[in-house]
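Student: Give me coordinates for this.
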Amino acid sequence: MSNNASSSIAGFSVSDYLSCIQVVMVNTTLPANIGSAARAMHTMGLSRLTVVDPKFPIDDTSVSHAAGGSDLLSSATIAPTLESAIADCQLVFAASSRSRHLPRPVVTPTQAAKIMLDFIDKQSAIALSTTTNDQPINDKANKPNIAILFGREDRGLTNEELAYADYHIQIDANPAYPVLNVASAVQVIASFIFAYTQTHIEADSNKGNEERLETTGSLEITEHPLLNTYLRQQWDEPAITQQQLQQLTERITALMVQRKLADSENLKSLPSRLSRLGSRLQLDQKEYQLLSALIAKLAKD
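Tutor: From the prediction side, this is the model:
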């Protein structure tokens, strides 16, 4: 991975960066944990909470545990499925305490924060070049959209849910028991994001300071034996959304079945591998259109 750091967007504040990031809690059991997560988010400047198919709705125990973060509960999005919750996201992370089948690149919280801010800078620069005064860069329609997935209290995220993520975040912890309460995991990851965002902005406001997160400047990504982590350095078009990636995966799978390159009754891990390939390629909108046209042509012939 390149070590080149991006420059922050002029006029972007810490809250502008953090507003591009949403926390997604999947199938939470205890409403109190949703409240505790909201409090953790609020203390670290995150304001966008999505709850996917909770076993019990947000209630008074959620509010009491949220303390000063209760506004996040009233503005939270309740989504029926994870797929619908992240459909318009361009970059997805998942908190995971262990490696899974078909693993994705694994990063630490600080490395995740660097990837997020680099992505926000590059995508915002594209939007800035095409927006008008009537459409400010921090308008919701122009903002990059990043999700961080957190799983159930008892068993985390399933393999299928983890497959939606471009990167997996692992928190350094006691190897004998590396399991954090979901709200604690939100707190730890959010704190690293907040700290890195502050440093990111301060470093650009003081160009003479060459100490841009010295401990993470090299971004030495934790590697799976067969996987390296890549971050696209050049963007001239907006990134595709998670929904578009899944659509592309489905179209390629259908084309392979049509061409007798795959058995529809025995796809095994083919869709997951195609999805992982798409995440690694980090496609933009023009590339998505080109591939879609190619698939459509091949499907007709």
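
Student: element containing Ile252?
Tutor: Assigned by DSSP states H and E, Ile252 falls within helix 242-258.

Student: could you dump the helix or strand just after that helix to PDB, C-alpha only?
Tutor: Tracing the chain C-terminally past helix 242-258 and defining elements by DSSP H and E, one meets helix 270-281 next. Only the C-alpha atoms of helix 270-281 are listed here, as PDB (Å, rounded to 0.1, in the frame of the first residue of the first chain):
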ATOM      1  CA  LEU A 270     -18.400 -18.000  -5.800                       C
ATOM      2  CA  PRO A 271     -20.600 -15.000  -4.900                       C
ATOM      3  CA  SER A 272     -18.500 -14.200  -1.800                       C
ATOM      4  CA  ARG A 273     -15.300 -14.400  -3.800                       C
ATOM      5  CA  LEU A 274     -16.700 -12.200  -6.600                       C
ATOM      6  CA  SER A 275     -17.800  -9.700  -3.900                       C
ATOM      7  CA  ARG A 276     -14.300  -9.700  -2.300                       C
ATOM      8  CA  LEU A 277     -12.800  -9.200  -5.800                       C
ATOM      9  CA  GLY A 278     -15.100  -6.200  -6.300                       C
ATOM     10  CA  SER A 279     -14.000  -4.700  -3.000                       C
ATOM     11  CA  ARG A 280     -10.400  -5.100  -3.900                       C
ATOM     12  CA  LEU A 281     -10.800  -3.400  -7.200                       C
END
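
Student: Run through who's touching helix 270-281.
Tutor: 102, 104, 163-166, 230, 245-246, 248-250, 252-253, 256, 262, 287 (CB atoms under 8 Å, 6 or more residues apart in numbering). All C-beta atoms are positioned from the backbone trio N, CA, C, and that covers glycine.

Student: Could you name the helices and strands sitting against the very next helix or strand once past it?
Tutor: Using DSSP H and E, the next helix or strand after helix 270-281 towards the C-terminus is helix 285-300. Using 3 or more CB pairs under 8 Å, 6 or more residues apart in numbering; DSSP states H and E, the elements in contact with helix 285-300 are helix 242-258.

Student: Show me which residues of the helix it packs on are buried.
Tutor: Within helix 242-258, the residues that count as buried by 16 or more other CB atoms under 10 Å are 242, 244-246, 248-249, 251-253, 255-256.

Student: And stretch 147-159, by the same measure?
Tutor: Those would be 147-153, 156-157, for stretch 147-159 by 16+ other CB under 10 Å.

Student: Stretch 49-60 now?
Tutor: 49-52, 54, 58.

Student: Pro144: how many residues sit nearby?
Tutor: When neighbours are defined as other CB atoms under 10 Å, Pro144 has 21 of them.

Student: secondary structure element for it?
Tutor: Residue-wise, Pro144 maps onto no helix or strand under DSSP H and E.

Student: My guess is Arg232 contacts Gln282. True?
Tutor: Yes. Contact criterion CB atoms under 8 Å: Arg232 and Gln282 qualify, at 4.2 Å.

Student: Which residues are in contact with Asp88?
Tutor: 145, 241-243.

Student: ok, now how distant is His42 from Glu202?
Tutor: 22 Å (CB to CB, to the nearest Å).
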